[in-house]
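A.B. asks: I would like the atomic coordinates for the input below:
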Amino acid sequence: MKRHEPRIECQIPCLQSISEGNAEVGPRSLRKRLSLALKRCLSSRMKRTIKTYLNRLIDLFPRVSGRGKVSSVPATNLTTTSLKAGDLVRVRSREEIQATLSYWGEFRGCVFLEYMWPYCDTTQRVLKPMRRFFDERDYRVKKCKGIVLLEGVLCHGTPVFGRCDRACFFFWREEWLEKLT
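C.D. replies: Next up, the predicted model:
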């Protein structure tokens, strides 16, 4: 008697058609189609330039941006030091970090995620400084400066998507950290 083996299928039924490029894409609004077309035809330098000008424009209207009088700590007081693996650092206070963030919650291209707030005012050890990383959105290796990884400070998932076992490191700008001697 021949035993029937269970047929193993992927949890995502359309994965095969996605990999072959035949997947059905739902209807997109005109705004979404225009946004995608602009993203495809603009260079990364042009995107950065547009975002910089938008940041400046939004910062002119503190009430709209929600950044009016966030902190008495000026962002210019945050100095950078070249951090090395093994250095002890203190993650700056919430007010100091908020003073550096743009309308989109980023500083010099690095986003401060809401899951990083609990680490404010804690002492951490630098795992290593970052020089390049693989950006999965663009499928490119990108160069960076002034970003470090901290030992044991990992993402374990989000409330929206749930638990994640990948354990990605958070990227920390050196301006958000204070070197302890």
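A.B. asks: Identify the residue nearest the geometric centre of this structure.
C.D. replies: residue 111 (4.2 Å; CA atoms, centre = their mean).
A.B. asks: From what I see, it and residue 102 are in contact.
C.D. replies: No - counting by CB atoms under 8 Å, residue 111 does not reach residue 102; the two are 9.5 Å apart. No exception for glycine: its C-beta is placed from N, CA and C like everyone else's.
A.B. asks: quick one: the residue nearest to the centre of the chain from residue 44, how far?
C.D. replies: 16 Å (CB to CB, to the nearest Å).
A.B. asks: In terms of helices and strands, where is residue 146?
C.D. replies: strand 140-150 (DSSP states H and E).
A.B. asks: partners of that strand, with directions?
C.D. replies: Strand 140-150 pairs in its sheet with strand 123-135 (antiparallel), strand 172-173 (antiparallel), by DSSP bridges.
A.B. asks: Now do the helix or strand following the shortest one: distance to the chain's middle.
C.D. replies: It stands for strand 172-173. Next in sequence after strand 172-173, counting helices and strands by DSSP H and E, comes strand 177-179. Relative to the chain's own centre, strand 177-179 is displaced by 20 Å; criterion: CA atoms, centre = their mean, to the nearest Å.
A.B. asks: Which helix or strand lies directly C-terminal to the least confident helix or strand in the chain by mean pLDDT?
C.D. replies: Sorting the helices and strands of the chain by mean pLDDT, DSSP states H and E puts helix 62-65 at the bottom, at a mean of 56. The first helix or strand that comes after helix 62-65 along the chain, using DSSP H and E, is strand 88-91.
A.B. asks: now the chain, which segments are flagged as low pLDDT?
C.D. replies: For the chain, residues meeting the criterion pLDDT under 70 lie at 1-27, 62-81.
A.B. asks: what about 90?
C.D. replies: The model of the chain has pLDDT under 90 over residues 1-82, 101-106, 108-109, 113-115, 134-140, 142, 155-167, 181.
A.B. asks: Okay, domains of it per the record?
C.D. replies: 30-68, 70-179 (automatic domain parsing).
A.B. asks: Buried deepest among these, which one?
C.D. replies: Among the domains of the chain, domain 70-179 has the highest mean neighbour count (mean count of other CB atoms under 10 Å), at a mean of 14.
A.B. asks: Once you drop chain neighbours, what's closest to the residue nearest to the centre of the chain?
C.D. replies: Nearest non-adjacent residue to residue 111, counting by CB to CB, 6 or more residues apart in numbering: residue 105, 5.8 Å away.
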